[in-house]
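Undergrad: Return a 3D structure for these sequence lines:
(2 chains)
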2 protein chains.
Amino acid sequence: MNTRKPTSELYSTFTAKMQAIADVRNAMAVLGWDQETYLPEKGAAFRGQQLTTLSTIAHEMFTATELGDILQELRSRGDLNATQRKNVELSQEDYEKNKKYPASFVAEMSQTTNACYHAWIKARKANSYAEFEPLLAKMVLLKKQETNILGFEGHPYNALLNEYEKGASTTMLDTIFDAVKTALTPLLRRIEQRPQVNKDFLHLRYERNKQWELGIALLKDMGYDMGAGRQDISEHPFTTSFSPQDVRVTTRIDEQDFGNMTWSCIHEGGHALYEQGLPAEEYGLPCGEAASLGIHESQSRLWENNVGRSKAFWQHHYGKLQQTFPDNLQNISLDQFYKGINLVQPSLIRTEADELTYHFHVMIRYEIEKGLLEGTYSTKDLDQVWNRYYQEYLHVSAPSATQGVLQDIHWSHGSFGYFPTYSLGSFYAAQFFAAAQQQLPGLTEQIATGQYGKLLSWLRENIHRYGRFYTSNELCEKVTGQPLDFQYFLKYAEDKFGEIYM
Amino acid sequence: MNTRKPTSELYSTFTAKMQAIADVRNAMAVLGWDQETYLPEKGAAFRGQQLTTLSTIAHEMFTATELGDILQELRSRGDLNATQRKNVELSQEDYEKNKKYPASFVAEMSQTTNACYHAWIKARKANSYAEFEPLLAKMVLLKKQETNILGFEGHPYNALLNEYEKGASTTMLDTIFDAVKTALTPLLRRIEQRPQVNKDFLHLRYERNKQWELGIALLKDMGYDMGAGRQDISEHPFTTSFSPQDVRVTTRIDEQDFGNMTWSCIHEGGHALYEQGLPAEEYGLPCGEAASLGIHESQSRLWENNVGRSKAFWQHHYGKLQQTFPDNLQNISLDQFYKGINLVQPSLIRTEADELTYHFHVMIRYEIEKGLLEGTYSTKDLDQVWNRYYQEYLHVSAPSATQGVLQDIHWSHGSFGYFPTYSLGSFYAAQFFAAAQQQLPGLTEQIATGQYGKLLSWLRENIHRYGRFYTSNELCEKVTGQPLDFQYFLKYAEDKFGEIYM
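TA: Numbering: from 1, shown residues only, chains lettered A, B, ... in the order given. Presented below is the predicted three-dimensional model:
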């Protein structure tokens, strides 16, 4: 049937099918967003069931023979433009991957994820890893099954990594993380020996409403379109997108911790700018999706760190900030503030870590995830494994499971292979930002006067608008002239922290 | 295949399929709720598309041959209990009705509803009926088609009425509304001749936050479970349910109008108590759904009027209210307050009308809807038709389209045949409340001391827990011993307003 149809008609049918799948997935995203922001307590069980049903439906739609036939036929057509061809190729890749998952596995994974997530919430409240362990064990078992379903070369972890970062492997990550460790350790040693900077003033009382308003103002300053998004409160900040015209962020506010809200807000703003910058006309198609999680994270990190923790950024914002919180900040100079927000110090909580020790938190999770999949580690004593790693890598000990092995939501969501993209994101960010500085004369001065328009346009032009058209590596080469190179991050770190701790 | 399976297994398959359909519909409800509460402006177009996709999927699921086969087989089984049999019978009824709708009609209706709704919003802002008219015309055309799709006896309007109130007909409504007009007109005439009561104090400034807290307190007092629900702000108050464990209400707050929030809050609370009282174990099945819109409205009206506008209710609440708004109320006695909130006066806006003139607003819409379907009226000059009716029935003229023909959301949603259920709801409410007063000794004293537990239990026991097991009429007979009788409402009205205006 399809063979007789003109390409344009076939491509329209393909697009309509992909958009309908996206509609279901975006409905799931709305239900997920609501779950984290407004869902009443007792609504959780039915909500879990509703998400499972939608997940099954989306899976059925993305494994339907009719879609496969259209994709196959479209692959044979010569009259697709480059974007169309890429959409078809990547959709077929996704389709074939989806076909590998039995429907029963999809449903079981959705149910387990829901149960695991709620067990995690409960375990955190009870500060008891033992309450979480049985469901985590089940999750790990499913993830092992998933590596076999997907297939892999080399390490089974590669199967999961590739879900988030196509082309990544343990070989690549082992190399990068070894280099990170080797390079950062002496830098951290040097910093340790310098007089420590003060950041106590960040932990005075910062009034909730004023923090909220600051966050909204920062998002708007960055160029986040509030007419196509909104901010709400959730326990764990996140960005979610229901379409390029509805990209939402969440934040949390701790009155005793100025940094908690501020940089998570800028971080999520960076994610959100990427999603708002994806081409709306490619809705539902690969070229309307983010390139990879690593690239996604590069956008959040670039705004959070390269921009939002720079001296230039606060040259513009600090005067106003002092006026907003005079009791806390009137006697703190810009220089003191800048040093305080960039304090380097080993700590327990990943999301609150500084830009350097952060990567040790990631490496610990990376090693643990590899070990769980290999069978070197078991969930049984994972709290102890966790603590050993924290001692070895960061010389700190978690006083409780909630601050230790239970701190991240990811495993309860089944997101294994996700953590490394955080580090990759920082490394991409450093390399992208170096390219932006080269290509945009006066960028630092613009940031120092609160003008981010040119930077955002540059990101839109060079990164956002391509969606998944390029892989992370291709994109990196296109934007910066070379593949991912950790040295950019190292140079950035040495310049910045060398100056702070000189 | 099905013929060999045991009934219990077949019934489980049926249940699973119905629950999956409910999951999709409830996902739509979440997206709809979000649309009215939190959706950023630019997100509307993609949201409309997402709702259309889900609506198409739900329709496909509820017209699948496999479901039809199971239903047919289950109808032939003798070993279903009464609830199961009812679930099967009503599902088959719904199934057959769904089968009548072509998928193309479902999609077109969903798209038109979305477009019509947004045109209505725009038209209201512009105060221009002309902006709304083309889409309303399209909607009326679709509704006419729908009457033919569904089929009807007598008047085409009956097809639409039965969607909301099974068994209702224009013959029945003409009779009731004639009686209402005949009975209420002399009562209104008598009231007109009495000295008018004062309600100016209801239009002083009532601070937003205090109103919000009052609303929440009232909902909790009524027995609304905040752990299985929540309240948010929307332009038009509504109740929505995603499961019996997640039933949400919305409200609006006008600082210059105390009554606006207060009684809409109690009204929606009444709807929500019904939804929270539906049997959770029947989720997705007819016996887990509301009996009809008329019965639904009886629950909101009973709480809003029979309870929430009674003197007993305010005997308990008024002292606290005076303390909350001392500037506005300290010199207003309970008696003055009670009379003020029950002022009878012809007005322009249905939702703000008193308990008596309200039904004239409904009758106007009923006559217009019948006329549109018959072709007696055209959308072209509907604003004029509207104004003529308001002159004739209520002796008032709308100074603008927004306060006239554009005031209700219903037509933009395609909800034709819905309005009469509002009046039926009031009449059922009066009859139910009379029965409750008879069966619950001391009910008035309980209300006068803020104790609604026994009333709620009575409603749960006699109405909520049955879901759709009984039709409106059957339920009314079961609860009150006789079919719907408008005389209960008339007696209530004469007693109450006779005393106020004596």
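Undergrad: Residue A:389 is in what secondary structure piece?
TA: Counting by DSSP states H and E, the element that carries residue A:389 is helix A:382-394.
Undergrad: need the next SSE after that helix, C-terminal direction.
TA: Counting by DSSP H and E, the element after helix A:382-394 in chain order, helix or strand, is helix A:420-439.
Undergrad: Kindly format the C-alpha coordinates of that following helix as CSV.
TA: Provided in CSV are the C-alpha atoms of helix A:420-439 (Å, rounded to 0.1, in the frame of the first residue of the first chain):
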residue,chain,number,x,y,z
PRO,A,420,27.6,10.3,34.2
THR,A,421,25.8,12.7,31.9
TYR,A,422,26.0,15.3,34.8
SER,A,423,29.8,15.3,34.5
LEU,A,424,29.8,15.2,30.7
GLY,A,425,27.4,18.1,30.9
SER,A,426,29.9,20.2,32.8
PHE,A,427,32.7,19.3,30.4
TYR,A,428,30.6,20.1,27.4
ALA,A,429,29.5,23.3,29.1
ALA,A,430,33.1,24.4,29.6
GLN,A,431,34.0,23.7,26.0
PHE,A,432,30.9,25.4,24.6
PHE,A,433,31.4,28.4,26.8
ALA,A,434,35.0,28.7,25.7
ALA,A,435,33.7,28.7,22.1
ALA,A,436,31.1,31.3,22.9
GLN,A,437,33.7,33.5,24.5
GLN,A,438,35.8,33.3,21.4
GLN,A,439,32.9,33.8,19.0
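Undergrad: hmm, back to that, which strands and helices sit next to the helix holding residue A:389?
TA: Helix A:382-394 is packed against helix A:129-150, helix A:358-374, with contacts defined by 3 or more CB pairs under 8 Å, 6 or more residues apart in numbering or on different chains; DSSP states H and E. For every residue, glycine as well, the C-beta is placed using N, CA and C.
Undergrad: Need the residue closest to the centroid of chain A.
TA: The C-alpha lying nearest the average C-alpha coordinate of chain A belongs to residue A:297 (CA atoms, centre = their mean; 4.6 Å).
Undergrad: Is it correct that it is in contact with residue A:421?
TA: Yes - applying CB atoms under 8 Å, one finds residue A:297 in contact with residue A:421, separated by 5.4 Å.
Undergrad: And the residue of the stretch 251-400 of chain A found nearest chain B, how far from residue B:26?
TA: When distances are taken as CB to the nearest CB, the stretch 251-400 of chain A approaches chain B most closely through residue A:283, which lies 7.0 Å from it. Plainly put, residue A:283 is 24 Å away from residue B:26 if you go by CB to CB, to the nearest Å.
Undergrad: For those two, indicate the residue with more neighbours.
TA: Remark: of residue A:283 and residue B:26, residue B:26 carries more neighbours, 25 against 21, as counted by other CB atoms under 10 Å in any protein chain shown.
Undergrad: Please name the residues that touch that one.
TA: Contact criterion CB atoms under 8 Å, 6 or more residues apart in numbering or on different chains gives A:46, A:50, B:241, B:242, B:243 as the residues in contact with residue B:26.
Undergrad: These: which two are farthest apart?
TA: A:50 and B:241 (12.4 Å; CB to CB).
Undergrad: Looking at those two, which is more packed in?
TA: Here residue A:50 and residue B:241 are compared on neighbour count by other CB under 10 Å; more neighbours surround residue A:50, at 28 against 22.
Undergrad: Show me what stretch A:37-52 is in contact with.
TA: Residues outside stretch A:37-52 that contact it (CB under 8 Å, 6+ apart): A:28, A:31-32, A:34-35, A:107, A:110-111, A:114-115, A:118, A:232-234, A:250, B:19, B:23, B:26-27, B:225-230, B:232, B:242-243, B:245-246, B:248, B:283.
Undergrad: which of those count as buried?
TA: Judged by neighbour count, with 16 or more other CB atoms under 10 Å in any protein chain shown as the criterion, the buried members of the contacts of stretch A:37-52 are A:28, A:31-32, A:34-35, A:110, A:114-115, A:234, A:250, B:19, B:23, B:26-27, B:225, B:228-230, B:242-243, B:245-246, B:248, B:283.
Undergrad: what's near enough to touch residue A:194?
TA: If you count contacts by CB under 8 Å, 6+ apart, residue A:194 has them with residue A:501.
Undergrad: let's go with 10 Å and repeat that
TA: Residues near residue A:194 by CB atoms under 10 Å, 6 or more residues apart in numbering or on different chains: A:344, A:497, A:500, A:501, A:502.
Undergrad: Can you give me the neighbour number for the closest residue to residue A:395 other than its chain neighbours?
TA: The shortest distance from residue A:395 to any residue other than its chain neighbours is 5.8 Å, reached at residue A:346 (CB to CB, 6 or more residues apart in numbering or on different chains). Applying other CB under 10 Å, we find 17 residues neighbouring residue A:346.
Undergrad: Helix, strand or coil: sort out residue A:346 for me.
TA: On the three-state scheme (DSSP: H, G, I helix; E, B strand; the rest coil), residue A:346 is labelled coil.
Undergrad: related to what we said a few turns ago, which of the buried ones among the contacts of stretch A:37-52 fall within helices?
TA: Using DSSP state H, A:28, A:31, A:32, A:34, A:35, A:110, A:114, A:115, B:19, B:23, B:26, B:27 are the members of these that sit in helices.
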